[in-house]
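Chemist: Predicted coordinates and the sequence they were generated for:
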Amino acid sequence: MTRPTRTQIHFAKVMTIKQRGVLASLVMFDCYMSASEIADEELRELVRHQLAQYTVQPGIDGRLSWGATDAGRAISRQIKRGAL
């Protein structure tokens, strides 16, 4: 499993409630992305910091889905434990 980088840990410390909630959901299961999620700069920060990643679903008209990366899962566990 990939360990979070210092940059990812620093970002996790300043994540909003919304970002923490979305990351916790993405740890449980991959989700299709809605248009509002794609346009949401706050949520795109999760991908920019490599805590989540996009995947294309070619069988479903190229729809985007997203899920947590290994680093995102590790960060989410630390948040649950109260370490971040």
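Modeler: Thanks, I have the structure now.
Chemist: For this protein, just list every one of the strands.
Modeler: With DSSP state E, the ranges of strands along the chain come out as 31-32, 52-57, 63-68.
Chemist: right, so of the ones you listed, which gets closest to residue 41?
Modeler: Across these, residue 41 has its closest neighbour in strand 52-57 (14.0 Å, CB to CB). No exception for glycine: its C-beta is placed from N, CA and C like everyone else's.
Chemist: Extract the C-alpha set from the closest one and format it as PDB.
Modeler: Taking Å, rounded to 0.1, in the frame of the first residue of the first chain, the C-alpha atoms of strand 52-57 are listed here in PDB:
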ATOM      1  CA  ALA A  52      -8.900  10.000  -5.600                       C
ATOM      2  CA  GLN A  53      -8.600   9.100  -9.300                       C
ATOM      3  CA  TYR A  54     -10.900   9.300 -12.300                       C
ATOM      4  CA  THR A  55     -11.600   6.200 -14.500                       C
ATOM      5  CA  VAL A  56     -13.500   6.100 -17.700                       C
ATOM      6  CA  GLN A  57     -16.300   3.500 -18.100                       C
END
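Chemist: any idea how far residue 23 is from residue 16?
Modeler: With distances taken as CB to CB, to the nearest Å, residue 23 is found 11 Å from residue 16.
Chemist: out of those two, which sits in the more crowded spot?
Modeler: residue 23 (21 against 11; other CB atoms under 10 Å).
Chemist: List the contacts of the more buried one.
Modeler: 15, 46, 51, 52, 68, 72, 75, 76, 79 (CB atoms under 8 Å, 6 or more residues apart in numbering).
Chemist: what two of those residues are the furthest from one another?
Modeler: 52 and 79 (14.0 Å).
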